[in-house]
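Engineer: sequence and predicted structure are below.
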Amino acid sequence: MTMSSGEAGLLSEPPLLEVDGLFVEFRTRDGVARVLNGVSYTVDAGETLAVLGESGSGKSVTAQAIMGILDVPPAVVTGGEIRYRGENLLAASEERRTEVRAQGIAMIFQDALSALNPVFTVGFQIEEQLRVRLGMTRKEARARAVELLDLVRIPHATRRVRQYPHEFSGGMRQRAMIAMSLALDPDVLIADEPTTALDVTVQAQIMDLLAEIQAERRMGLILITHDLGVVAEVADRISVMYAGRIVEHADAPSLYRRPGHPYTAALMDSLPRLDLKGAELNTIKGLPPSLLNIPPGCPFHPRCLMAQDLCRTDVPTGHRLGLGRTSACHFAEELVRSV
Ligand code: SF4
């Protein structure tokens with residue numbers, strides 16, 4: 001059977017956003033920190049990818065590289081591509097990157113208080129983008145800002161729109177940030193630890209809100225977090241990062257059922273268990289490596305309970321564990337079988 005050109009076009013459509021073999025170094029006075037070492041992931045419309053790992057694993061640096069907001073210098077991108085709808089953003093002009101940043105890919109940050117400008121009202125900060133980017137009048141932009149605050153369930157939006165960030169609670173500020181990031185209707189939203197500073201109840205509300213908005217708008221959502229518990233309900237796929245690499249990539253149900261990398265297993269073990277009240281929390285022994293001096297072989301070997309001699313000398317590459325599932329561990333197959 002022959003394929004029509006329309007069908008061929010559909011089949012070859014590139015992912016919405018694709019990070020492909022990204023390398024980033026920070027050239028500092030103390031030496032070269034290899035912050036990203038060949039990071040690859042994709043996200044498509046209507047999909048939630050969780051990027052998981054401890055501080056310093058490279059999750060946020062990857063997001064900053066996607067947004068084009070890395071501090072250059074000391075940061076230098078030394079390899080790879082970041083493609084938005086097939087276009088390599090690393091080769092694009094600054095003007096084009098600003099355009100994509102405004103309407104294609106938006107980001108919400110962990111600390112809404114420092115991300116919002118304290119001297120302008122919340123409404124003004126939303127409206128400014130609408131006027132500058134979409135050419136709305138003041139009146140149109142105000143009406144849209146109120147709609148957006150309503151959308152993120154800020155009560156009394158017509159009054160709140162005239163208030164300053166310090167007049168909002170932590171949870172409300174995070175909602176305002178989400179409203180701001182949605183103003184230009186982005187295709188992809190990157191949420192960098194969006195609930196870390198909030199209490200557990202508000203965390204759950206914000207996660208529900210993000211999941212709902214993402215499903216309604218068919219956005220691609222990249223959720224960056226150090227907490228496997230936060231993403232359990234919402235992620236379609238999970239990429240686990242360690243020392244600037246993706247060490248495991250899997251669909252969420254498979255990963256929760258059987259972690260395919262000892263680091264993922266250790267993260268899961270350190271989750272608090274409701275059924276073991278009063279029990280001590282497991283923690284991962286040791287610290288993540290200095291990126292100025294990443295250990296040879298598998299970077300996780302000094303902390304890994306399964307480490308063997310091979311791990312101290314040979315860098316594990318991505319072992320396929322099934323459709324769309326990889327693990328950078330020499331013993332991934334044994335681990336998956338043993339669980
Ligand atoms: Fe542990 Fe070796 Fe696997 Fe690295 S390669 S995670 S050290 S077992």
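Structural biologist: Yep, it's here. A quick note: this is a predicted structure, and the numbers were derived from the prediction, not measured.
Engineer: which residues of the stretch 151-300 of the chain score low on pLDDT?
Structural biologist: By pLDDT under 70, the low-scoring segments of the stretch 151-300 of the chain are 197, 272-281.
Engineer: if we use 80, what do you get?
Structural biologist: When the per-residue scores of the stretch 151-300 of the chain are filtered using pLDDT under 80, the ranges that remain are 195-203, 229-230, 232, 271-283.
Engineer: all helices of it, in order?
Structural biologist: Per DSSP state H, counting those that start in this stretch, the stretch 151-300 of the chain has helices spanning 157-160, 170-182, 200-217, 228-231, 252-257, 262-269. These are given in chain order.
Engineer: of all the ones you listed, which lies closest to the ligand?
Structural biologist: The minimum distance between the ligand and the helices of the stretch 151-300 of the chain falls on helix 262-269, with 4.3 Å, by CB to the nearest ligand atom. C-beta here means a position set from N, CA and C on the backbone, and glycine is covered the same way.
Engineer: show me what the closest one is packed up against.
Structural biologist: With contacts defined as 3 or more CB pairs under 8 Å, 6 or more residues apart in numbering; DSSP states H and E, helix 262-269 has these neighbours: strand 237-242, strand 245-251.
Engineer: do that helix and the ligand meet?
Structural biologist: Yes. Contact of helix 262-269 with the ligand (CB under 6 Å from any ligand atom) involves Pro262.
Engineer: report the angle between that helix and strand 245-251.
Structural biologist: When axes from the mean of the first three to the mean of the last three CA atoms, to 10 degrees is applied, the directions of helix 262-269 and strand 245-251 differ by 60 degrees.
Engineer: need the next SSE after helix 262-269, C-terminal direction.
Structural biologist: Next in sequence after helix 262-269, counting helices and strands by DSSP states H and E, comes helix 309-313.
Engineer: quick one: distance of that following helix to the chain centre.
Structural biologist: Mean-position distance between helix 309-313 and its chain equals 31 Å (CA atoms, centre = their mean, to the nearest Å).
Engineer: could you confirm whether it reaches the ligand?
Structural biologist: Yes. Counting by CB under 6 Å from any ligand atom, the ligand is contacted by helix 309-313 at Cys311.
Engineer: and for that helix, what's in contact with it?
Structural biologist: When contacts are defined by CB atoms under 8 Å, 6 or more residues apart in numbering, helix 309-313 is touched by residues 295-298, 301, 304, 330.
Engineer: send the alpha carbons of stretch 309-319 over as PDB?
Structural biologist: Extracted in PDB, the C-alpha atoms of stretch 309-319 (Å, rounded to 0.1, in the frame of the first residue of the first chain):
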ATOM      1  CA  ASP A 309      34.800  -3.200  39.400                       C
ATOM      2  CA  LEU A 310      33.500  -2.500  35.900                       C
ATOM      3  CA  CYS A 311      31.500   0.500  37.200                       C
ATOM      4  CA  ARG A 312      34.700   2.200  38.300                       C
ATOM      5  CA  THR A 313      36.200   2.200  34.800                       C
ATOM      6  CA  ASP A 314      33.500   1.900  32.100                       C
ATOM      7  CA  VAL A 315      30.900   4.600  31.500                       C
ATOM      8  CA  PRO A 316      27.600   2.900  31.000                       C
ATOM      9  CA  THR A 317      25.600   3.900  28.000                       C
ATOM     10  CA  GLY A 318      21.900   3.700  27.500                       C
ATOM     11  CA  HIS A 319      20.700   0.100  27.700                       C
END
